[in-house]
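Enquirer: Test case, fold it:
(chains A and B)
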Protein chains: 2
Amino acid sequence: MASLPPALERLIALFSRLPGIGRKSATRIALRLIDSSEAECREFARAIVDARERTKSCSICGGLTEDDPCSICTDARRDASLVCVVERGSDIFALERTGRFRGRYHVLGGLLSPLDGVGPEDLRLNALLDRARGSGLSEIILALNPTAEGEATSLYVAKLLTPAGVRVTKLASGLPVGGDLELADELTLGTALEERREL
Amino acid sequence: MASLPPALERLIALFSRLPGIGRKSATRIALRLIDSSEAECREFARAIVDARERTKSCSICGGLTEDDPCSICTDARRDASLVCVVERGSDIFALERTGRFRGRYHVLGGLLSPLDGVGPEDLRLNALLDRARGSGLSEIILALNPTAEGEATSLYVAKLLTPAGVRVTKLASGLPVGGDLELADELTLGTALEERREL
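Expert: Okay, here's the model as predicted:
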């Protein structure tokens, strides 16, 4: 049985190592890549190195940025009294796309996961506490994934922030807008029922 | 609304340009990439350029290879009288994984698609005709996708090969092995019925 050429196989192996990318997707991406011209492949290679070198973490919020502090942390038109806590830097852009939040962010850098060896010391919690203790914070919104780990982390963070005396909220769980009640899983529908609101 | 850092945005744009990779997948891949160390990103960049530079088309079958002719075309243990025609070089590895074919291959390099401007002159048809006219070929198996374009191309190739007097077959269409009859689409089930075989 003939196998893939070694250099191509190596590229596929590298892509497969990225979390969330399986062997099939890795093969598709690698084949598409080498279907491009040599100049395009060089451009790609350069873009990867560039993106890695230029993208840093903001020293305030921990978000992805080329300038430190980032444009959100330095934007005086944004509400500095409102901080939204997210797991990863990329979550910021998901929230920004909603166009419904005008405060600032704080990236935790992960979720508590004892089984994977991720404890409180691995998250940017001290920096969050410092921000909460500073003056002028009116609310901290926890925007973590509605999973077991996300909920556990939210509870932990809320408890941690209690002494700081700041209001802590979390994103609503419920039916996805435009979704179908019949297709919702029991947990989602149950939560939507429990957390129903007045009209 | 804050947007992604420019170098990261550029990397995402490059990935989105690859056929079959949408904006969401491109973003996921780019974020995973820059989550790696600088050394890993350099390794990636190098691997892309390497794979592109080292991987060539075999001058006989058109398959992906680092040595020309490829290991399949030069393998004396393989049946040189049997040629399997595929659309792309990567299809060869899908067939190889079955472990059920011991002949050789011929890559067409595409499928006829008048709407996309792909005509017979864009495919490796002359090379196939030359191989068919050469001595010792007992059968040509067309292994193109069972789509409208694949079927049209198969018919065209079969007609083209008629004067060469070689036997031309194509892969069976029918129910996927391990699949569920109830879940099969009407076309597949209809074809399976029409092309039923004696037990």
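Enquirer: Can you name the residues that contact the spatially most central residue of chain A?
Expert: Nearest to the mean C-alpha position of chain A, by CA atoms, centre = their mean, lies residue A:88 at 2.7 Å. Residues in contact with residue A:88, defined by CB atoms under 8 Å, 6 or more residues apart in numbering or on different chains, are A:107, A:109-110, B:31. Backbone N, C-alpha and C define where each C-beta goes, glycine included.
Enquirer: ranking these by neighbours, who comes first?
Expert: Among the contacts of residue A:88, residue A:107 has the most neighbours (other CB atoms under 10 Å in any protein chain shown), with 25 neighbours.
Enquirer: Output the contacts of residue A:88 as a markdown table; include the columns distance to residue A:17 and pLDDT.
Expert: Listed next are those as a markdown table, based on distance: CB to CB, whole Å; pLDDT from 0 to 100:
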| residue | distance to residue A:17 | pLDDT |
| --- | --- | --- |
| A:107 | 24 | 97 |
| A:109 | 21 | 94 |
| A:110 | 19 | 94 |
| B:31 | 15 | 90 |
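Enquirer: of the residues you listed, closest to residue B:137?
Expert: Closest approach between those and residue B:137, by CB to CB: residue B:31, at 50.2 Å.
Enquirer: Helix, strand, or coil at that closest one?
Expert: Here residue B:31 is recorded as helix under DSSP: H, G, I helix; E, B strand; the rest coil.
Enquirer: so it touches residue A:92, yeah?
Expert: No - using CB atoms under 8 Å, residue B:31 is not in contact with residue A:92, being 11.6 Å away.
Enquirer: looking at this, residue A:59 is in a strand?
Expert: No - using three-state DSSP, the secondary structure at residue A:59 is coil, not a strand.
Enquirer: Correct me if wrong: it contacts residue A:65.
Expert: No - contact criterion CB under 8 Å: residue A:59 and residue A:65 do not qualify, at 9.4 Å.
Enquirer: Which residue of those two possesses the greater neighbour count?
Expert: When neighbours are counted by other CB under 10 Å, residue A:59 and residue A:65 differ, and residue A:65 comes out ahead with 26 against 12.
Enquirer: List the residues that contact that one.
Expert: A:55-58, A:71, B:5.
Enquirer: same thing but at 7 Å, please
Expert: Contact partners of residue A:65, counting by CB atoms under 7 Å, 6 or more residues apart in numbering or on different chains, are A:56, A:58, B:5.
Enquirer: What subset of those residues is buried?
Expert: The neighbour count (16 or more other CB atoms under 10 Å in any protein chain shown) marks A:58, B:5 as buried among these.
Enquirer: what is in contact with residue A:59 and residue A:65 at once?
Expert: Shared contacts of residue A:59 and residue A:65 (CB under 7 Å, 6+ apart): none.
Enquirer: shaky segments in chain A?
Expert: Along chain A, the parts satisfying pLDDT under 70 run over A:1.
Enquirer: Run through the strands of it in chain order.
Expert: A:56-57, A:64-65, A:82-86, A:104-107, A:139-142, A:167-170 (DSSP state E).
Enquirer: Quick check: which of the ones you listed is nearest to residue A:35?
Expert: Of all the strands of chain A, strand A:64-65 comes closest under CB to CB, at 29.6 Å.
Enquirer: strand partners of that closest one, parallel vs antiparallel please.
Expert: With DSSP bridges as the test, strand A:64-65 is paired with strand A:56-57 (antiparallel).
Enquirer: Just the residues contacting the strand it pairs with, thanks.
Expert: A:64-66, A:68.
Enquirer: And those residues, which two are furthest apart?
Expert: A:64 and A:68 (10.9 Å).
Enquirer: Nearest residue to residue A:149 in space, please, no chain neighbours.
Expert: residue A:111 (4.3 Å; CB to CB, 6 or more residues apart in numbering or on different chains).
Enquirer: actually residue A:9, not the one I typed
Expert: residue A:3 (7.0 Å).
Enquirer: now swap in residue A:79 and tell me
Expert: Here the residue nearest residue A:79, using CB to CB, 6+ apart, is residue A:103, at 4.6 Å.
Enquirer: Of the strands of chain A, which is nearest residue B:134?
Expert: Using CB to CB, those put strand A:64-65 closest to residue B:134, at 58.1 Å.
Enquirer: Which one of the strands of chain A lies nearest to residue A:176?
Expert: Closest among the strands of chain A, once you apply CB to CB, is strand A:167-170, at 16.8 Å.
Enquirer: all helices for chain A, in order.
Expert: Under the criterion DSSP state H, helices of chain A are mapped to A:6-17, A:23-35, A:38-54, A:89-98, A:125-133, A:148-161, A:186-194.
Enquirer: Which positions in the first one come out as buried?
Expert: In other words, helix A:6-17. Here helix A:6-17 shows A:7-12, A:14-16 as buried, counting by 16+ other CB under 10 Å.
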